[in-house]
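Trainee: return atomic coordinates for the entry below.
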Amino acid sequence: MNADAKSRLTQEIKTMSRCFPQFKLFEGDGSYSFAPRGTSFWGGRIQTNFGTEYSLAVVYPPNYPHGAIKAYVLELMNETTPHKYCDGHLCLYSNDHGGGGEGIGDGTTAATITAWAAAWLNAWEVYK
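Mentor: So this is what the prediction gives:
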C-alpha cells in the first residue's frame, strides 16, 4: 500500500470509528467471494427503521484509493433483488438513468457508502 493509500485509510478508520463504531476493519483471506485475499473491508451490522438487522460488508477496491467502494448485504447475497449487481453488491449510485455516477470517484468514503447502504436497506424493506 502506498503512502497516499495509508494516509487515506488512517482517515477512513477515524471516520468509520466515529460514524459507525459497530464496524470493524478486516483483511480478506479468500473465504468471502466479495473480498479476495488482501482486500480490506469493513464488516458490521446495520439496523433498519423497521428493526431488522443486516450484516454489511463495505469493500475497498484492490487499487484503493482509486476505484469504487462496494457494499454487500450478506443476507441478500443469494437473493435476486432490484438494484443489486450479479456479484451481489448494491446499486447505490447511477451512471445511467440520468445519474452522474456519484459515488464512483476517489473521494467517496466507506462511511458514505455505509450510510447509502443503510438507506438502500430501508427502501428495500418498503419495496418488499
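
Trainee: what residues are up against residue 81?
Mentor: Counting by Cβ atoms under 8 Å, 6 or more residues apart in numbering, residue 81 touches residue 124. The way it works is simple: take the backbone N, C-alpha and C, and place the C-beta from them, glycine included.

Trainee: for residue 124, see how far away it is.
Mentor: The span separating residue 81 from residue 124 equals 7 Å under the rule Cβ to Cβ, to the nearest Å.

Trainee: where do the strands sit along the protein?
Mentor: 24-27, 40-47, 53-59, 70-73 (DSSP state E).

Trainee: quick one: buried residues of the first one?
Mentor: In this case it means strand 24-27. Neighbour counts over strand 24-27 (16 or more other Cβ atoms under 10 Å) mark 25-26 as buried.

Trainee: what's in contact with it?
Mentor: Against strand 24-27 from outside (Cβ under 8 Å, 6+ apart): 13, 16, 35, 38-44.
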